[in-house]
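# Make a model of this:
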Amino acid sequence: MQRVPRRLRSILAPVKASSHTLLTSLSGGLRVATERTPGYFSAIGLFLQSGSRYEGPHTEGSTSMLERMAFKSTASYTTHKMMQRMDELGGNMTCMGSRETVVYQATCEASKLRTVLRLLHETAYKPELREDELESIKEDILFEIEDSLFKPDIILNEMLHVVAFGQNALGHPLIPSNDTIATATPDRLRTFMKETYSEDRAIVVATGVEHARFVDMVQELNFNVQHATAPVVLPSSYFSSLSSSGVSPSGASSSVAPARSVSTAASPYNSFGIGVEANPTPPGQVNLRKTIPDPLAPQDFQYTGGERYLRLPEMAPTNLGPQESLTHVFLGFPGVALDHPDVYVLSVLQYLMGGGGAFSAGGPGKGMYSRLFTRILNRHAEVESILFCHYPYSDSGIFGISASCHPSMNPRIFSVLMQEMRALTRGIPMDQLKRAKNQVKSTLLMNLESRVVQLEDIGRQVMLWNHRVLPEEMIKEMDKVTADDIKRVVSEAINGGLQPTLVAAGSRLQGLESLRDLV
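Prediction:
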């Protein structure tokens, strides 16, 4: 057996992993969380309780624009020098804005952690927000909006939330309108940052680092913090990989009844320059659970439901001839908050229903034994793709089925999807339930192998509850899910007195059923 050279022994020596997350709360409200994972690379993130749900009329569109203004000119760097510095450090640095969080994160060698932390702090808290750079990203956003006309998954996701939650917090669009883009100013972004980037709304998270050393690094920065509490030991968890469905609607189509009005002002899609056909019905409303009181969003969060349809332009022909137009639909129902016990039921249901595309090559993980694949995709040649989607948030959620089909199926696509939901209330074979549980548990465990997933797991859980959930506890909750639980949750969603959410996009929407045809 060949001996390992002495100079390599320290490098190759195994690193003992810690099963705990450490959390320190600083005097200004800033929290610092770490987990000592084995390896020679670290992940670091700045999590902010921000996002489109916290935008108001005076700050709308700020999340989308701040995401694109990241890593540009700051108090210490020009954009060119910032890019140059990022190239020198290597790794990967990104900024992501969503409905409930804005995250600045990076992966790097452990030895460069201090420098990377300073760079993230610089771009988040000391941006210049120059007028010329803002005008440049406005052009980028307008191009992305135009491009999204040919990406139904993006369009349907936005329409789903706007229609399901109306003018409530989760209904605030991530995609700004043309008017919002045109009127955006650096002062608007600064106002939004002042409202949502405060210390008490921020968490700095790192994996693969010693806790006390990292807390010292954070305190070196100008977060206006001085004294720290003793670190609290938190159990590790795989929660983020559960709560992130990892699946976005592949597209959606909705029924077109005679339109009673054309809605553009309240929709982000007026930026597309085409009408949004609406068939409004008196919305049922329910106050959903609010677990995070927030002065920026004092109103009760409500699911309203309803329907909205977006007529897209015909696809341009290619060198191979004309492209076939598809109808893209989403049928949605009110869900539950992340801390609700039924979130486990819906997570199992997501894998039970599954889905896939007509051109799937098969193999492990392709979902070819899931209910949507065997009961819809294999039986209806007009359906090109279908997926079950689950979007849980801090105080509510939404779930349902997205599908893309040939326009010839417009008159019955929503009925087929609704029938499949109702079939769940008539019983589920035990082999299907067992397979779905095994899939969701294995996904949770495998996802934790990613440092980025670990990072998001820590940041999002600490932000919501200031603690983490043991993976063993979560697996036990998965094992407790029964066919009766799924029947109950689906029955409550269908028959609970709230109208479903129907959204659609396509160039040929004729013949689609309306909401009143399903209820």
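# So which bits of stretch 67-80 are buried?
Across stretch 67-80, burial judged by 16 or more other Cβ atoms under 10 Å covers 67, 68, 69, 70, 71, 72, 73, 74, 77. C-beta: built from backbone N, CA, C; applies to glycine.
# okay, how far is it across it, tip to tip?
With Cα to Cα, to the nearest Å as the measure, the first residue of stretch 67-80 is 18 Å from its last.
# Stretch 492-506 too?
Start-to-end, stretch 492-506 (Cα to Cα) is 31 Å.
# ditto for stretch 407-425
Stretch 407-425 end-to-end distance (Cα to Cα) = 29 Å.
# Report the rounded mean pLDDT for it.
Averaged over stretch 407-425, pLDDT sits at 96.
# just stretch 50-61 next, same as before
Stretch 50-61 comes out with an average pLDDT of 94.
# which stretches of the stretch 401-519 of the chain aren't confidently modelled?
Applying pLDDT under 70 to the stretch 401-519 of the chain flags residues 519.
# just to revisit the earlier point, closest to residue 84 among the buried residues of stretch 67-80?
Nearest to residue 84 out of these is residue 77 (Cβ to Cβ; 8.8 Å).
# so how far is the host helix or strand of residue 328 off the chain centroid?
Here residue 328 is covered by strand 327-334, with elements defined by DSSP states H and E. Strand 327-334 has its C-alpha centroid displaced from the chain centroid by 17 Å (Cα atoms, centre = their mean, to the nearest Å).
# what's the next helix or strand after it packed up against?
With elements assigned by DSSP H and E, the helix or strand that comes after strand 327-334 is helix 342-353. On a contact count with 3 or more Cβ pairs under 8 Å, 6 or more residues apart in numbering; DSSP states H and E, helix 342-353 meets helix 239-243, helix 371-372, strand 383-392, strand 397-405, helix 430-447, helix 471-480, helix 483-495.
# Apply 6 Å and report the result again.
Counting contacts by 3 or more Cβ pairs under 6 Å, 6 or more residues apart in numbering; DSSP states H and E, helix 342-353 packs against strand 383-392, helix 430-447, helix 483-495.
# picking up where we left off before, JSON lines please, covering the buried residues of stretch 67-80 and showing pLDDT, distance to residue 200 and secondary structure.
Shown next, in JSON lines, are the buried residues of stretch 67-80 (pLDDT from 0 to 100; distance: Cβ to Cβ, whole Å; DSSP: H, G, I helix; E, B strand; the rest coil):
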{"residue": "67", "pLDDT": "96", "distance to residue 200": "22", "secondary structure": "helix"}
{"residue": "68", "pLDDT": "95", "distance to residue 200": "26", "secondary structure": "helix"}
{"residue": "69", "pLDDT": "96", "distance to residue 200": "23", "secondary structure": "helix"}
{"residue": "70", "pLDDT": "96", "distance to residue 200": "22", "secondary structure": "coil"}
{"residue": "71", "pLDDT": "95", "distance to residue 200": "25", "secondary structure": "coil"}
{"residue": "72", "pLDDT": "95", "distance to residue 200": "26", "secondary structure": "coil"}
{"residue": "73", "pLDDT": "94", "distance to residue 200": "27", "secondary structure": "coil"}
{"residue": "74", "pLDDT": "93", "distance to residue 200": "23", "secondary structure": "strand"}
{"residue": "77", "pLDDT": "93", "distance to residue 200": "27", "secondary structure": "coil"}
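# State the pair within these that is farthest apart.
It's 67 and 77 that sit farthest apart of these, by Cβ to Cβ, at 18.2 Å.
# Just give the closest residue to residue 323, not the sequence neighbours.
residue 315 (3.9 Å; Cβ to Cβ, 6 or more residues apart in numbering).
# now stretch 386-395, how far from the chain's geometric center?
The gap between the average C-alpha position of stretch 386-395 and the chain average comes to 9 Å, counting by Cα atoms, centre = their mean.
# got the CA positions of it in PDB?
Provided in PDB are the C-alpha atoms of stretch 386-395 (Å, rounded to 0.1, in the frame of the first residue of the first chain):
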ATOM      1  CA  ILE A 386     -48.100  18.400 -16.900                       C
ATOM      2  CA  LEU A 387     -46.800  19.000 -13.300                       C
ATOM      3  CA  PHE A 388     -48.100  19.300  -9.800                       C
ATOM      4  CA  CYS A 389     -46.800  22.400  -8.100                       C
ATOM      5  CA  HIS A 390     -46.700  23.500  -4.500                       C
ATOM      6  CA  TYR A 391     -45.800  27.000  -3.300                       C
ATOM      7  CA  PRO A 392     -45.800  27.400   0.500                       C
ATOM      8  CA  TYR A 393     -45.000  30.800   2.100                       C
ATOM      9  CA  SER A 394     -44.600  32.100   5.600                       C
ATOM     10  CA  ASP A 395     -48.300  32.700   6.200                       C
END
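# Do a quick rundown of the helices in the stretch 51-200 of the chain.
Shown for the stretch 51-200 of the chain, the helices assigned by DSSP state H, counting those that start in this stretch span residues 62-69, 79-89, 113-125, 131-148, 152-165, 178-183, 186-196.
# just to revisit the earlier point, and the helices and strands packed on helix 342-353, which is most packed in?
Counting by mean count of other Cβ atoms under 10 Å, strand 383-392 has the highest mean neighbour count of the helices and strands packed on helix 342-353, with a mean of 24.
# Quick check: can you name the pairing partners of that strand and their directions?
Sheet pairing for strand 383-392, assigned by DSSP bridges, gives strand 355-357 (antiparallel), strand 397-405 (antiparallel).
# hang on, the earlier thing: what is the strand holding residue 328 packed up against?
Applying 3+ Cβ pairs under 6 Å, 6+ apart, one finds that strand 327-334 contacts helix 152-165, strand 397-405, strand 501-506.
# Could you rerun that using 7 Å?
If contacts are counted by 3 or more Cβ pairs under 7 Å, 6 or more residues apart in numbering; DSSP states H and E, strand 327-334 sits against helix 152-165, strand 397-405, helix 413-423, helix 483-495, strand 501-506.
# which residues are in contact with it?
The contact list for strand 327-334, computed with Cβ atoms under 7 Å, 6 or more residues apart in numbering, reads 152, 156, 160, 164, 249, 251-254, 303, 398-405, 407, 410, 413-414, 417-418, 493-494, 498, 500-506, 508-509.
# these two touch, right, residue 142 and residue 181?
Yes - Residue 142 is within contact range of residue 181, at 6.4 Å (criterion: Cβ atoms under 7 Å).
# Looking at the two, which one has more neighbours?
Using other Cβ atoms under 10 Å as the criterion, residue 142 and residue 181 rank with residue 181 on top: 20 against 15.
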